[in-house]
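> The following comprises the amino acid sequence and a computationally predicted model.
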Amino acid sequence: MQESDAGVQGMQETVNKNPESRIPNPESRILLHTTAEDHHIARMAAVALGLTLLEGAIPSPLPGVKPGLANIVTLIVLARYGWRTAAWVSLLRVFAGSLLFGNFLTPGFFLGLSGALLSLLVLALAQHLPTRWFGPVSHSVYAAFAHIAGQMAVVYLWLIPHAGIAYLIPIFATAALVFGTVNGLIAARFMDNANNGICSRGGAEKIK
Amino acid sequence: MLRHIKSGDWLTLVSGSICVVLVTLTLWSGELADKAVIRSGGKVYREVSLGRDQKIDVPGPLGVSVIAIENRRARIASDPSPRQYCVRQGWLQQAGEIALCLPNQVSVELVGSHKRYDSLNY
């Protein structure tokens, strides 16, 4: 991916006609050159953030047990555009989301970050599984287990270094299995619909 | 919906379910020690949860035995008995483990959610 470079544009060529411009020092404007891919990634990260926001409306029985709907976006991006793009989208979602929701550098942020990092590592391996037998459901389940493993590690090593958290592991493992499967199914269904929608122009039959 | 799950996916789901069941059975089976039962003179002196680190003084005929609870383990930290067998026993970690100070008639036993032995006499 092309790196976006920040360049300071000189102002000599631009004429500021309004002497009382509200820009305090127009000469120090910084322009970021973005590519279409940057916009694409940003758009997908924004969709993931929107899903996170929607998911906030669903009450959770236990803090940390969340459906993780934003991971559907990560799964689809992984299947369609590869791991690097998926990593960008996922980490952008964690960082930008934490800034947006005011969580940056809180323990919750580090939990989300550790979960995202470990699940991305596992996805880097899982994406090489033969696609004839393994689909987004597998990727999602593996990534979900890696996610809770990363979070449990952070909790045990930093937040609650107490063996009592072992009582929580079965709950999180069950939630990871269930929600991982659900997210994988939603991602697979979405990609199927998208493929059918794009590839079939009238008269195509759904293959059962 | 089920056609989205390929054969490898079924393998993942089944092995994931087995892992979850094993983890649940291991961690929730009651073999994890929950509390320490401290007995003095044959009667239960106190039942203490292992959740909090603390030191407990237990009086006995010879003096005071100090029981230390730390990081979900328990041990007899000090005891006025001559040979210090119970102190030398070290940390008790699993449910069912027990340390006795016979001279001072103090014992500490780790207990999980179900009892390992119906009764112990000593």
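Now that the structure is in, tell me what you want to look at.
> Would you mind pulling up the elements that the longest helix seen in chain B packs against?
Counting by DSSP state H, the longest helix found in chain B is helix B:7-28. Packing contacts for helix B:7-28, counted by 3 or more Cβ pairs under 8 Å, 6 or more residues apart in numbering or on different chains; DSSP states H and E, involve helix A:136-154, helix A:169-199. To be clear about C-beta, it is placed using only N, CA and C from the backbone, and glycine gets the same treatment.
> Helix or strand: which one has residue 86?
The chain I'm using is chain A. helix A:83-101 (DSSP states H and E).
> hmm, I had chain B in mind actually
Using DSSP H and E, residue B:86 falls in helix B:85-89.
> which strands and helices sit next to that helix?
Checking 3+ Cβ pairs under 8 Å, 6+ apart, helix B:85-89 ends up next to strand B:73-78, strand B:98-101.
> got the CA positions of the longest one in PDB?
Which is strand B:73-78. Provided in PDB are the C-alpha atoms of strand B:73-78 (Å, rounded to 0.1, in the frame of the first residue of the first chain):
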ATOM      1  CA  ARG B  73      -3.000 -20.800  48.400                       C
ATOM      2  CA  ALA B  74      -2.700 -21.300  52.100                       C
ATOM      3  CA  ARG B  75       0.000 -22.400  54.400                       C
ATOM      4  CA  ILE B  76       0.800 -22.400  58.100                       C
ATOM      5  CA  ALA B  77       3.300 -19.600  58.300                       C
ATOM      6  CA  SER B  78       4.400 -20.100  61.900                       C
END
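> Give the buried residues for that strand.
Neighbour-count burial for strand B:73-78, with 16 or more other Cβ atoms under 10 Å in any protein chain shown as criterion, is recorded at B:73-76, B:78.
> What residues does chain B have near chain A?
B:1, B:3-9, B:11-13, B:16-17, B:19-20, B:23-24, B:27-28, B:32, B:51, B:71-72 (Cβ under 8 Å from any Cβ of the partner chain).
> Quick check: PyMOL command selecting the buried ones in those residues.
Buried residues among the residues of chain B next to chain A (16+ other Cβ under 10 Å), as a PyMOL selection:
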select buried, chain B and resi 4+5+6+8+9+12+13+16+20+23+27+32+72
